[in-house]
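In: Just need the structure, nothing else, for what follows:
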Amino acid sequence: MGDSLITVVAIFLAAILMFVFPLMSMSDRTDDVSKLAVQTATTEFVDKIRTTGKMTLEEYDKYISTISSTGNSFDVEVELQLLDENPGVKTSQAEMTKIGENLYYHLYTTQVEESLYQNGRINLKEGDRISVTAKNTNQTISQILKNFFYQLTGNDTYQIAAQHAGIVTVNGTK
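Out: Got it, this is the predicted structure:
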């Protein structure tokens, strides 16, 4: 009887070691690859906007399509900080950067998307800032396995995330 119990436990442990841990390892690697792909796409998207001075609907849709091709769903947050062309009466246009503060007004994701769908593009000027953050909203296989075995991660946490920001270096053309 004792030998049978030990044999069953040994088979159970062998099954875990042979199947579950390699599955966890592979799912972690899959998340790493997805994370790298999303970070690369986010960096390229922001850098293209910074160097061209414009954000187009086609580029935005291509970015969303690229990060979605990892097989995950994402919550993308875009923030544009647009330099106010008339920051106040105490500065003149010729010396806007020398006297007083530069003031920015913000456009967030819904406002950016609305403007892109209406106009097809957003022209930016030198000194404007852009920030893009993408976080997965679905649970990956790695998260599910970790929840099952370790109970470390919660249902609302994200595993794959990317963020990039920068200052626009040229004026966008119309």
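
In: contacts, neighbours, all on C-alpha from now
Out: Noted.

In: Tell me where this protein has strands.
Out: 54-56, 74-83, 104-107, 121-123, 129-136, 161-167 (DSSP state E).

In: least reliable of those strands going by mean pLDDT?
Out: For those, mean pLDDT drops lowest on strand 104-107, to a mean of 88.

In: Flag every buried residue along stretch 62-78.
Out: Residues 63, 64, 67, 72, 73, 74, 76, 78 are the ones in stretch 62-78 that count as buried (16 or more other C-alpha atoms under 10 Å).

In: right, I mislabeled it, should have said stretch 135-147
Out: 135, 136, 137, 138, 139, 140, 141, 142, 143, 144, 145, 146.

In: Look up how far residue 27 lies from the last one.
Out: When C-alpha to C-alpha, to the nearest Å is applied, the distance between residue 146 and residue 27 equals 10 Å.

In: Same list, the buried residues of stretch 62-78, but as TSV with distance to residue 165 please.
Out: Shown next, in TSV, are those (distance: C-alpha to C-alpha, whole Å):
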residue	distance to residue 165
63	15
64	17
67	17
72	22
73	21
74	18
76	13
78	10
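
In: Can you name the two of these that sit furthest apart?
Out: Greatest spatial distance among the buried residues of stretch 62-78 (C-alpha to C-alpha): 72 and 78, at 18.6 Å.

In: Can I get the strands of the chain in CSV including distance to residue 39?
Out: Putting the strands of the chain into CSV (distance: least, C-alpha to C-alpha, whole Å) gives the following:
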stretch, distance to residue 39
strand 54-56, 18
strand 74-83, 12
strand 104-107, 22
strand 121-123, 23
strand 129-136, 9
strand 161-167, 5
